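Enquirer: Mind looking at a prediction? Sequence and model below.
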Amino acid sequence: MFRDFVHHTAWTDAMRSGRDYVGLIEYQPKYPGAEAHVLWVVAPGCVCEADAETLADNMLDQIADITPDGDVIYRDGVRL
């Protein structure tokens, strides 16, 4: 899944971590040469890559905004 925010573009992925998989939310500012940042969506016991990415998709859907400084704000007001 990809989502565009005012100052960032975000996308999901998954990767193996030991025997399990973790979902990833990656986001990058919209200017040339900007570094991407990663949020790990950990689900202990998740052994399916597609399930891990679906979990990341669901969490990305809950993000209301990513500020110019890279703070992630969820729909419930939690700020990372």
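Expert: Received it, and whenever you're ready, just let me know what you need. The model shown is predicted, which means the values in this text are computed figures rather than measured ones.
Enquirer: which ones are touching the residue of the chain positioned farthest from its centre?
Expert: Here the chain reaches farthest from its C-alpha mean at R19, the gap being 21.0 Å by Cα atoms, centre = their mean. Contact analysis of R19 by Cβ atoms under 8 Å, 6 or more residues apart in numbering lists V47. To be clear about C-beta, it is placed using only N, CA and C from the backbone, and glycine gets the same treatment.
Enquirer: what separates it from D76, distance-wise?
Expert: Separation of R19 from D76 (Cβ to Cβ, to the nearest Å) stands at 32 Å.
Enquirer: next one: D20
Expert: Taken as Cβ to Cβ, the span from D20 to D76 is 26 Å.
Enquirer: Could you check which of these two has the larger neighbour count?
Expert: D20 (14 against 7; other Cβ atoms under 10 Å).
Enquirer: which residues does the more buried one form a beta bridge with?
Expert: S17 (DSSP bridges).
Enquirer: Need the pLDDT of the residue nearest the centre of the chain.
Expert: Here the mean C-alpha position of the chain is nearest to the C-alpha of I25 (Cα atoms, centre = their mean), at a distance of 1.6 Å. As predicted, I25 sits at a pLDDT of 98.
Enquirer: That one pairs with what?
Expert: T12, L39.
Enquirer: Could I get the CA-only coordinates of stretch 22-33 as CSV?
Expert: Provided in CSV are the C-alpha atoms of stretch 22-33 (Å, rounded to 0.1, in the frame of the first residue of the first chain):
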residue,chain,number,x,y,z
VAL,A,22,7.3,-8.2,10.7
GLY,A,23,5.4,-5.6,8.8
LEU,A,24,7.1,-2.4,7.9
ILE,A,25,5.8,1.1,7.3
GLU,A,26,8.4,3.2,5.5
TYR,A,27,8.0,6.9,4.9
GLN,A,28,10.2,9.4,3.2
PRO,A,29,10.0,13.2,2.9
LYS,A,30,9.1,14.6,-0.6
TYR,A,31,12.5,16.1,-1.5
PRO,A,32,15.4,14.8,-3.4
GLY,A,33,17.9,12.8,-1.4
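Enquirer: residues of it that come out buried?
Expert: Buried residues in stretch 22-33, defined by neighbour count with 16 or more other Cβ atoms under 10 Å: V22, G23, L24, I25, Y27, Q28, P29.
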